[in-house]
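Peer 1: One predicted model, sequence on top.
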There are 6 protein chains.
Amino acid sequence: MFKLVVDDEISLYLVNEAFTERYVELLEENNEYLSEWLEWPGFCKSQNDFKEFVKESLHKYADGKAMTCAVEFRGQIVGNCGLNAIHHPLKMVEMGYWIGKQYQGNGIITRVCRYLIDYAFTKLGMEKVQIAAAENNRPSRAVCERLGMQLEGIITHREKVGDRILDHAIYGIHKAKT
Amino acid sequence: MFKLVVDDEISLYLVNEAFTERYVELLEENNEYLSEWLEWPGFCKSQNDFKEFVKESLHKYADGKAMTCAVEFRGQIVGNCGLNAIHHPLKMVEMGYWIGKQYQGNGIITRVCRYLIDYAFTKLGMEKVQIAAAENNRPSRAVCERLGMQLEGIITHREKVGDRILDHAIYGIHKAKT
Amino acid sequence: MFKLVVDDEISLYLVNEAFTERYVELLEENNEYLSEWLEWPGFCKSQNDFKEFVKESLHKYADGKAMTCAVEFRGQIVGNCGLNAIHHPLKMVEMGYWIGKQYQGNGIITRVCRYLIDYAFTKLGMEKVQIAAAENNRPSRAVCERLGMQLEGIITHREKVGDRILDHAIYGIHKAKT
Amino acid sequence: MFKLVVDDEISLYLVNEAFTERYVELLEENNEYLSEWLEWPGFCKSQNDFKEFVKESLHKYADGKAMTCAVEFRGQIVGNCGLNAIHHPLKMVEMGYWIGKQYQGNGIITRVCRYLIDYAFTKLGMEKVQIAAAENNRPSRAVCERLGMQLEGIITHREKVGDRILDHAIYGIHKAKT
Amino acid sequence: MFKLVVDDEISLYLVNEAFTERYVELLEENNEYLSEWLEWPGFCKSQNDFKEFVKESLHKYADGKAMTCAVEFRGQIVGNCGLNAIHHPLKMVEMGYWIGKQYQGNGIITRVCRYLIDYAFTKLGMEKVQIAAAENNRPSRAVCERLGMQLEGIITHREKVGDRILDHAIYGIHKAKT
Amino acid sequence: MFKLVVDDEISLYLVNEAFTERYVELLEENNEYLSEWLEWPGFCKSQNDFKEFVKESLHKYADGKAMTCAVEFRGQIVGNCGLNAIHHPLKMVEMGYWIGKQYQGNGIITRVCRYLIDYAFTKLGMEKVQIAAAENNRPSRAVCERLGMQLEGIITHREKVGDRILDHAIYGIHKAKT
């Protein structure tokens, strides 16, 4: 599978149908955990749903509009991350991620995000990376803060998760002017 | 033309090809003024461009995704306003507007926006109306403040106007819980 | 809702999803009556069917090909009318209408049609308005005659209503040459 | 080429790109004559235009919506005819034709139309064949009359030929009830 | 129906919905026989399936990409043949055929193919006709040999019939250089 | 860029817009050489052409229909290779490649093809890999032979390169039955 090497422990693979069985497994182990703040577990459940997700993600990649990756940690797929929307005219990307709860505490997300921020700035010519975390999703907001991102605002009514309409904390980081 | 009556002086007409000649006139009188903070004068200039805009706006209206109106003040079309994006699942709409500089100072925009906010809450079942103004567009931000909207954040890298990538002040107003 | 004012008692609203509940009600009250000469009650029955009809009508309006309106009489929606087909190169429109049986006898259709004929001639630049009534639909043909329209012919095999293939009386009225 | 044999002198070929060179020739010889009452010589002139016409006609044939044929008389293509619109639910077809002026007077059109009327009734299960001739197109109306068709009406504003908007004499013939 | 006359006993009709009832009949009589080497009996079974096949074939004909015919022998439809793919830039066509087992032994396929080879070379400007027969389909390969075609190779993994992936014997015949 | 490591000297990158500048350079250096047996240099010349090629290739990858890669040798992009068509039902892939003439003689293509054959068999579940080389393209046929592929036939009229219609030597290799 096509990959990017983050460090000795972590690689990112361009999403592929081959990972969908593992995604279902991760979702089943972490359904409650992932459903708390994410929209997609509400409608993406089966391997076929994930195959659709993979296909759609790869078509966006083909159009230069997104770059979605499976996260491998110590030889095992543990989650997914990516540049969910690449806005070329605005030189800005929106980033997102999730990993199984059991893999938390290893700094995986932080290392992945650092790598992707650098990738966006140096390979894609972007000037800003943005993360939107649900206002009350403390762990996700902690990631943004660890990455040195700025809180730009709390924008209300931005995402529907189950029956709740959530507000988003919007974080941004800019390429250093040199 | 199909219309909504705001008050004795102001009506809103569902956009129509019939207004495009007047739109060109307004744009030509106000090109510099409108180009300062708005994206569209960069690529929407001729009557044909406006006809395309009208057609596209009406198709969005047909799909329940937008509602774009010509603003009539004392019997004359003076600008355009609308619910530029209607997000049904989020119960949220994004609102926008522009009028010719010579019509400013009559409280037109404020009256129009108040009407549309009420329309969104009572006719469309929305719970939030949002306006995004360029950070340094003081007059537009003053409108938001007059309308009693809350500043939710300054989100960077949100719009490209000419060569500048602008930051947006995001304002929101919520339907009173009753 | 966007409207055109015909007179003190009658307004026309651009069709809208908001009217579909009322349309179902009118159809249920008048099913036999409307099914006698009209094609659509055979396949447009539920609120979802009417929503599809509304959406399709609005897309045609966006393309300048039709203009379909709900008819309001003394504050209540009583039927539907419209320019069902606008032929710009031929400067000709085809007009149609229906109202609940209980609202007949108030001259509603005649007043609406007079308004729409004038609208077609003055706002849309048309030169002919045409109505096709089933040959044996006496009330509808009486409307055409009251409007001063000319009978141009009885064209056979023009519409399928249930299992019957109907012939149409074609009426036309032309803009006065001035 | 796929053909239908009308009689010893006349065959009909399903339209084919192979005939387009001859169509251009016929049009050039008869431009003024054909332009008097027909719409298409205004925009279908080059071999490429005819290729588009052939392709479109064959796609309609594939969908069961039309059947367009080249007319061969004594071994030479002399014009075009066809069932221009096949309305299955109405059991009705609209028929049309043109031939080069120099081939008139041989009863070609009458024989072709008789064959096609029979074809529509016996092979396609139709019950009515309709021809629309421009009101003042005497030769074409004479064909309809020779075929024993009924004049159903003069419908105004039905076709645009150059700058003129023409009225149509509508003729119909019905399958004998047996 | 539009036809090509091969000889006194055989005609080819451009495929038509009218033949689909007969196709179902032929398939039911020959299901086992046809399923041995052909792919389509696995998914084209009902009259509706054949109607889809006819429609699709005619659209390809409209685009100049195929020419599919019903084979008539002594007044009865006995099978189907055609130029299944017409490659204009390569001046090459792929040909295929099937007839009911009970009609074999009359030289029908050989006569049809000879006619179509000549048609491809003289009417369509092709330079090569190719037939692909399953490697072990002796009768089909015997046809190719009788037609004087050259065996160009046995290409593996070329068609899936049921659960078997078949190899193809590829035969070709070229237009004589003159 | 997402990559597959072939060996110490060679990597394969999923094609990407980032390589298109280098592709133009390679083409300009090798135009005559590449045009001798390949079709694409006839119409894919500019960086925009290559961007279209990359985009189309990535959409095919998203659909699981192809996998196109840039070939890196000792840190430099030297050509392109890939599974040009992946036929899942037939468990067969078609493979292709080109590199700049100056990089020949290093066994690059052979190593890349061996890697891709193994990838097709073990990762994609394929059972056959096929290469089509122009009959007289000796170097390309030598690659097939070095890879231990079988010559299955010389199929005529298979590709148009400039004005020549070329014949193809078809080579295949099958997964060992175990």
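Peer 2: Here it is on my side, so go on.
Peer 1: list the contacts for the closest residue in space to residue A:82 that isn't next to it in sequence?
Peer 2: Excluding its sequence neighbours, the residue lying closest to residue A:82 (Cβ to Cβ, 6 or more residues apart in numbering or on different chains) is residue A:68, at 3.7 Å. Placement of C-beta: from N, CA and C, glycine included. Going by Cβ atoms under 8 Å, 6 or more residues apart in numbering or on different chains, residue A:68 touches A:14, A:15, A:57, A:58, A:60, A:61, A:80, A:81, A:82, A:83, A:84.
Peer 1: Lowest mean pLDDT among the helices and strands of chain A, which one is it?
Peer 2: In chain A, the helix or strand scored least confidently by mean pLDDT, DSSP states H and E is helix A:31-35, which has a mean of 93.
Peer 1: Buried ones in it, by neighbour count?
Peer 2: A:33, A:34 (16 or more other Cβ atoms under 10 Å in any protein chain shown).
Peer 1: can you check stretch A:65-72 too?
Peer 2: Neighbour-count burial for stretch A:65-72, counted by 16+ other Cβ under 10 Å, picks out A:66, A:67, A:68, A:69, A:70, A:71, A:72.
Peer 1: Please apply the same query to stretch A:96-116.
Peer 2: Judged by neighbour count using 16+ other Cβ under 10 Å, the buried positions of stretch A:96-116 are A:96-100, A:103, A:108-109, A:111-116.
Peer 1: Which members of these define the maximum pairwise distance?
Peer 2: Greatest spatial distance in the buried residues of stretch A:96-116: A:100 and A:114, 20.2 Å, computed using Cβ to Cβ.
Peer 1: Specify which member of the buried residues of stretch A:96-116 is nearest to residue C:132.
Peer 2: residue A:96 (56.5 Å).
Peer 1: Get me the contact residues on chain A for chain F.
Peer 2: Chain A comes close to chain F at residues A:1-4, A:13-14, A:17-18, A:55, A:58-59, A:61-64, A:123, as judged by Cβ under 8 Å from any Cβ of the partner chain.
Peer 1: Tell me the one of those residues nearest residue B:37?
Peer 2: Distances from residue B:37 to the residues of chain A next to chain F, taken by Cβ to Cβ, are shortest for residue A:64, at 28.2 Å.
Peer 1: Could you report the neighbour count for that closest one?
Peer 2: Residue A:64 is flanked by 16 other residues according to other Cβ atoms under 10 Å in any protein chain shown.
Peer 1: host element of the closest residue to chain C within chain A?
Peer 2: For chain A, the residue closest to chain C is residue A:160, as judged by Cβ to the nearest Cβ, at 20.6 Å. Assessed by DSSP states H and E, residue A:160 sits inside strand A:150-161.
Peer 1: other SSEs contacting that strand?
Peer 2: Here strand A:150-161 touches strand A:128-134, strand A:164-174, strand B:92-99, strand B:128-134, strand B:150-161, strand B:164-174, going by 3 or more Cβ pairs under 8 Å, 6 or more residues apart in numbering or on different chains; DSSP states H and E.
Peer 1: do that again at 6 Å, thanks
Peer 2: strand A:164-174, strand B:150-161 (3 or more Cβ pairs under 6 Å, 6 or more residues apart in numbering or on different chains; DSSP states H and E).
Peer 1: Restricting to C-alpha, output it in CSV.
Peer 2: Extracted C-alpha coordinates of strand A:150-161, given in CSV (Å, rounded to 0.1, in the frame of the first residue of the first chain):
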residue,chain,number,x,y,z
GLN,A,150,-4.8,29.3,18.1
LEU,A,151,-8.4,29.2,19.2
GLU,A,152,-10.2,31.4,16.7
GLY,A,153,-13.7,31.2,18.0
ILE,A,154,-16.6,29.0,19.1
ILE,A,155,-18.9,28.8,16.1
THR,A,156,-22.4,27.6,17.0
HIS,A,157,-24.6,25.1,15.1
ARG,A,158,-21.9,23.6,13.0
GLU,A,159,-22.4,19.8,13.1
LYS,A,160,-25.1,17.3,13.7
VAL,A,161,-24.1,14.3,15.8
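Peer 1: That one: which residues count as buried?
Peer 2: Those would be A:152, A:153, A:154, A:155, A:156, A:157, A:158, A:159, A:160, A:161, for strand A:150-161 by 16+ other Cβ under 10 Å.
Peer 1: From one end of stretch A:57-70 to the other, what's the distance?
Peer 2: Taking Cα to Cα, to the nearest Å, the first and last residues of stretch A:57-70 lie 12 Å apart.
Peer 1: One more: stretch A:115-130?
Peer 2: 14 Å.
Peer 1: Would you mind listing the buried residues in that stretch?
Peer 2: For stretch A:115-130, the buried set under the neighbour-count rule, 16+ other Cβ under 10 Å, comprises A:115, A:116, A:117, A:119, A:120, A:121, A:124, A:126, A:127, A:128, A:129, A:130.
Peer 1: now stretch A:27-43
Peer 2: So for stretch A:27-43, counting by 16+ other Cβ under 10 Å, buried means A:27, A:30, A:33, A:34, A:37, A:38, A:40, A:41.
Peer 1: can you list contacts of it?
Peer 2: A:98, A:100, A:101, A:134, A:137, A:159, A:161, A:162 (Cβ atoms under 6 Å, 6 or more residues apart in numbering or on different chains).
Peer 1: Can you lay out these as JSON lines showing pLDDT?
Peer 2: Shown next, in JSON lines, are those (pLDDT from 0 to 100):
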{"residue": "A:98", "pLDDT": "96"}
{"residue": "A:100", "pLDDT": "96"}
{"residue": "A:101", "pLDDT": "95"}
{"residue": "A:134", "pLDDT": "96"}
{"residue": "A:137", "pLDDT": "95"}
{"residue": "A:159", "pLDDT": "96"}
{"residue": "A:161", "pLDDT": "95"}
{"residue": "A:162", "pLDDT": "92"}
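Peer 1: ok, the residues you listed vs chain B, which is closest?
Peer 2: residue A:159 (7.4 Å).
Peer 1: State the number of residues packed around the nearest residue to the closest one once chain neighbours are set aside.
Peer 2: Once flanking residues are discounted, residue A:159 sits nearest to residue A:166: 4.7 Å by Cβ to Cβ, 6+ apart. As a burial measure, residue A:166 scores 20 neighbours (other Cβ under 10 Å).
Peer 1: cool, residue A:176 as well?
Peer 2: Neighbour tally, residue A:176, other Cβ under 10 Å: 7.
Peer 1: ranking the contacts of residue A:68 by neighbours, who comes first?
Peer 2: residue A:15 (27 neighbours).
Peer 1: Surely it touches residue A:55?
Peer 2: No: counting by Cβ atoms under 6 Å, residue A:15 does not reach residue A:55; the two are 9.2 Å apart.
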